[in-house]
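# model this:
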Amino acid sequence: MILKTRVFDLYIRNYRNLSELAYAMEISVSQVYRVLEGKRNINRKFIIGAIKAFPGCKFDDLFYFVPEVPVGTKIQGSAGGEKQESR
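Below is the predicted model of the structure:
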């Protein structure tokens, strides 16, 4: 399972930009950008920061899990056909 975040969809309600979000999360702006761009996985520090920055939200409001599909594995498409997973 891969942990994904809704933080980047929610931050616009409370923060003017990602720098303000990073400040509220008490992590570096570069870490926020790396997670946003998929260059860094969500770690404990990011999770704790997100909970600090969004105190009215539950964990499930901020994060969700998606199954990890190995590269080259065929997955069912919404129309019932098979699609090749691409990365």
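
# can you give me the helices for the chain?
7-10, 18-25, 29-36, 44-53, 59-62 (DSSP state H).

# For the longest one, what is the distance to the chain centroid?
Spelled out, that is helix 44-53. 12 Å (CA atoms, centre = their mean, to the nearest Å).

# follow-up on the earlier one: of the helices of the chain, which is nearest Pro70?
Nearest to Pro70, of all these, is helix 29-36, at 22.6 Å by CB to CB. C-beta coordinates here come from the backbone N, C-alpha and C atoms, glycine included.

# contacts for that closest one?
Helix 29-36 has contacts (CB atoms under 8 Å, 6 or more residues apart in numbering) with 5, 8, 18-19, 21-22, 25, 40-42, 45-46.

# what would those look like in a markdown table with pLDDT, distance to Arg34 and neighbour count?
Compiled in a markdown table, the contacts of helix 29-36 are given as follows (pLDDT from 0 to 100; distance: CB to CB, whole Å; neighbours: other CB atoms under 10 Å):
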| residue | pLDDT | distance to Arg34 | neighbour count |
| --- | --- | --- | --- |
| Thr5 | 98 | 13 | 16 |
| Phe8 | 97 | 12 | 12 |
| Leu18 | 97 | 11 | 17 |
| Ser19 | 98 | 14 | 12 |
| Leu21 | 98 | 13 | 24 |
| Ala22 | 98 | 11 | 20 |
| Met25 | 98 | 13 | 25 |
| Arg40 | 96 | 4 | 14 |
| Asn41 | 95 | 9 | 10 |
| Ile42 | 97 | 10 | 16 |
| Lys45 | 97 | 12 | 13 |
| Phe46 | 98 | 10 | 21 |
